[in-house]
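Student: Task: produce atomic coordinates for the following.
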Amino acid sequence: MRRENRRFYLVSTLPYIPPELVEYLEKLYPDASPRLDTPDRSIWWKAGEVSVVRHLRSVLEEQQETVL
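Tutor: Alright, predicted model coming up:
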């Protein structure tokens, strides 16, 4: 499968992601650097949250490009 077709397939098979949801999650889980006294496990947990939000933002941008 060509890369462009694969990309369209992946985006078209995902459920619609409302921009408001991504904006809400970006506020709830901001992409911020940890403080020096932050425990490792908290950093990993926050990194996971931010990773999900980044993924949703990426999918949203792909969906918006596909619609145009």
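
Student: Where does the prediction get shaky in the protein?
Tutor: Of all residues in the chain, those with pLDDT under 70 make up the ranges 1-12, 67-68.

Student: Going along the chain, name the helices of it.
Tutor: Along the chain, counting by DSSP state H, helices occupy 3-13, 19-28, 40-67.

Student: what's the closest non-adjacent residue to S42?
Tutor: Using Cβ to Cβ, 6 or more residues apart in numbering and skipping the chain neighbours, the partner closest in space to S42 is P34 (7.3 Å). Where C-beta positions appear, they are placed from N, C-alpha and C, glycine not excepted.

Student: That neighbour against D40, yeah?
Tutor: No. Counting by Cβ atoms under 8 Å, P34 does not reach D40; the two are 9.4 Å apart.

Student: Mind checking which of those two has more residues around it?
Tutor: Neighbours per residue (other Cβ atoms under 10 Å) separate P34 from D40, with P34 holding more: 12 against 8.

Student: Contact partners for that one?
Tutor: 42-43, 46 (Cβ atoms under 8 Å, 6 or more residues apart in numbering).

Student: Using TSV, please lay out those together with neighbour count.
Tutor: As requested, the contacts of P34 are exported to TSV (neighbours: other Cβ atoms under 10 Å):
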residue	neighbour count
S42	11
I43	13
K46	16
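
Student: And those residues, which is closest to I17?
Tutor: Nearest to I17 among those is K46, at 21.4 Å by Cβ to Cβ.

Student: Quick check: the closest one vs L60, distance?
Tutor: 21 Å (Cβ to Cβ, to the nearest Å).

Student: Ok, T38 next?
Tutor: As for T38, its distance to L60 is 29 Å (criterion: Cβ to Cβ).

Student: wait, doesn't R57 sit right on V22?
Tutor: Yes. When contacts are counted by Cβ under 8 Å, R57 is listed as touching V22 (5.3 Å).
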